[in-house]
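In: how would this look folded up:
(chains A and B)
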Amino acid sequence: DAGVTQSPTHLIKTRGQHVTLRCSPISGHKSVSWYQQVLGQGPQFIFQYYEKEERGRGNFPDRFSARQFPNYSSELNVNALLLGDSALYLCASSLVTQVTLYTEAFFGQGTRLTVV
Amino acid sequence: GQNIDQPTEMTATEGAIVQINCTYQTSGFNGLFWYQQHAGEAPTFLSYNVLDGLEEKGRFSSFLSRSKGYSYLLLKELQMKDSASYLCAVRDRDNYGQNFVFGPGTRLSVLP
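Out: Numbers count the residues shown, from 1 in each chain, chains lettered A, B, ... in the order given. Sure thing, here's the model as predicted:
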């Protein structure tokens, strides 16, 4: 079975540019979350989507946006890139239903973004 | 506010037992999770606790005290492959929300 897949795996961008990161959840998972992990730190929550609706937003500027598509895949967009946006961006999917509220998140391999 | 504390680094010997502590203060609580992350890889789920007490899964056990805002991960019979970062995370939402607040991670080095 395919796990959470993210693309691209690595990316180098210049300050001020825009980037789009993509995520495909595990089949049957309707919840997708995005996290930013700076080297040496734990992941920081950016967004969560469930059934194509935004369900949560972390403390990130409006330059960060996301959406979820009818097939439950998701995109994370970051505009006007700053050097500080360099990080590993992780996507996680969860099987969240009325019965299974307490479920773990399954993480993709991440996209390593470097802003120069 | 949201605050999760873990030791930054720990070292242990192969075959030994190690306990990684985690304390938390979060605005919401719907479960405490432990993840393992090898360098350059994605976090992988180890265990979670919703109620107070001990959960055992093979060589790994996790304990939770909600009144004390405290958890620990116990690793037994350490192996070299257990060298990794261990992330403590609190699930902060309910009703389809899945917001995990992560601690900084504890980097464990297992020595021969």
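In: identify the residues contacting whichever residue of chain A sits closest to chain B.
Out: Relative to chain B, the nearest point of chain A is A:Gly42 (3.4 Å; CB to the nearest CB). (Each C-beta comes from the backbone N, C-alpha and C, glycine too.) When contacts are counted by CB atoms under 8 Å, 6 or more residues apart in numbering or on different chains, A:Gly42 touches B:Ile4, B:Leu87, B:Ala89, B:Phe102, B:Gly103, B:Pro104, B:Gly105.
In: quick check: residues of chain B near chain A?
Out: B:4, B:30-31, B:33, B:35, B:41-45, B:48, B:50, B:87, B:89, B:91, B:93-105 (CB under 8 Å from any CB of the partner chain).
In: any low-confidence regions in chain A?
Out: A:1, A:96-102 (pLDDT under 70).
In: equivalent analysis for chain B, please.
Out: Using pLDDT under 70, the flagged stretches of chain B are B:1, B:93-97.
In: all the strands of it, residue numbers only.
Out: Applying DSSP state E to chain B gives strands spanning B:3-5, B:9-13, B:18-25, B:32-37, B:44-49, B:53-57, B:60-65, B:70-75, B:84-91, B:100-102, B:106-111.
In: need the ones you listed in JSON lines (columns: mean neighbour count).
Out: What follows is these, written out as JSON lines (neighbours: other CB atoms under 10 Å in any protein chain shown):
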{"stretch": "strand B:3-5", "mean neighbour count": "16"}
{"stretch": "strand B:9-13", "mean neighbour count": "14"}
{"stretch": "strand B:18-25", "mean neighbour count": "18"}
{"stretch": "strand B:32-37", "mean neighbour count": "24"}
{"stretch": "strand B:44-49", "mean neighbour count": "18"}
{"stretch": "strand B:53-57", "mean neighbour count": "12"}
{"stretch": "strand B:60-65", "mean neighbour count": "19"}
{"stretch": "strand B:70-75", "mean neighbour count": "20"}
{"stretch": "strand B:84-91", "mean neighbour count": "25"}
{"stretch": "strand B:100-102", "mean neighbour count": "24"}
{"stretch": "strand B:106-111", "mean neighbour count": "17"}
